[in-house]
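Trainee: sequence below, structure please.
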Amino acid sequence: MNVAIVTPYYKEDTEELSVAHESVLRQDMTVRHIMVADGHPNSAVAEWDCEHVILPSAHRDAGNFARGVGALHAFQTGAAYVGFLDADNWLQSDHVSSLHGLMTRAHADIGVCRRILRRLDRSILDPFDWESDGSAFADTGTVMLSRSAIEIAAAWATMPVQLSGMGDRVIWAAINSRGFRIARTELATTNYKTKWAVHYTGRGEPPPSGTVDLAYVRSSQIYWEALPEDEKRRFVLGRT
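Mentor: Below you'll find the predicted structure:
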């Protein structure tokens, strides 16, 4: 199988992990599912039709190290394309085929789809999120890498913990700054269960219990702004 989906997980409950995993099994083409336990393996996952990678301790970085390790494992074991799925999200059945098909036709290094915003109860908040547009920004779960973009997997695995709150934005800046060929499906095939209060208030809804503000993101922005310019270039360009 030349396509893999990587799901890092921490302490999510079994039912939530199952929703993510079942969505990979329901893809309309054959896909490997690599589930990476970030220091807290779930015994149920070991019984599923997936590759279960177990890290010895948690990295407290929003899954960045686990995501990068999973992608590098996928590439090292034969995958030509690797996509990503957060543990609390799920995929439409044509997610992989639409990205893979477009990337192969366009000879692209990176493929990007759009996302459906879901409420915490999994109902639809926005069927076609404007924010993750694949141009200004792309959520992690909307991105697929080809082997020619393997350095992006390494970037995830080596990102400082302090940047975890804006890790997807650092990665997207790196993708756009390194000259990769990007193909965009413009299809909303990633279901993103949002915990961010701003997604609700921005659409005229009161945030439900369990949502959070952007403090975690802002702390990473403060760290980023204080970095020397040569460090910023190293993260974004892969060199000083």
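Trainee: distance of Leu102 from Glu151?
Mentor: 21 Å (CB to CB, to the nearest Å). Where C-beta positions appear, they are placed from N, C-alpha and C, glycine not excepted.
Trainee: with Leu125 instead?
Mentor: Leu125 is 34 Å from Glu151, by CB to CB.
Trainee: so between those two, which is more surrounded?
Mentor: Applying other CB atoms under 10 Å to Leu125 and Glu151 shows that Leu125 carries more neighbours, namely 20 against 13.
Trainee: and stretch 112-125, average pLDDT?
Mentor: Averaged over stretch 112-125, pLDDT sits at 98.
Trainee: residues contacting that stretch, please?
Mentor: Defining contact as CB atoms under 8 Å, 6 or more residues apart in numbering, one finds that stretch 112-125 is touched by 89, 92, 95, 98-99, 126-129, 132-134, 138-139, 141-144, 182-195, 199-200, 203, 205, 208, 210-211.
Trainee: again, 7 Å this time
Mentor: 95, 98-99, 126-129, 132, 134, 138-139, 141-143, 182, 184-195, 199-200, 203, 208, 210 (CB atoms under 7 Å, 6 or more residues apart in numbering).
Trainee: could you pick out the buried ones from those residues?
Mentor: Among the contacts of stretch 112-125, those buried by neighbour count (16 or more other CB atoms under 10 Å) are 95, 98-99, 126, 129, 132, 134, 138-139, 141-143, 182, 184-185, 187-194, 199-200.
Trainee: just the ones of those residues in strands?
Mentor: Asp126, Val143, Ile182, Arg184, Thr185, Leu187, Ala188, Thr189, Thr190, Asn191, Tyr192, Lys193 (DSSP state E).
Trainee: that's all I had, so thanks and see you.
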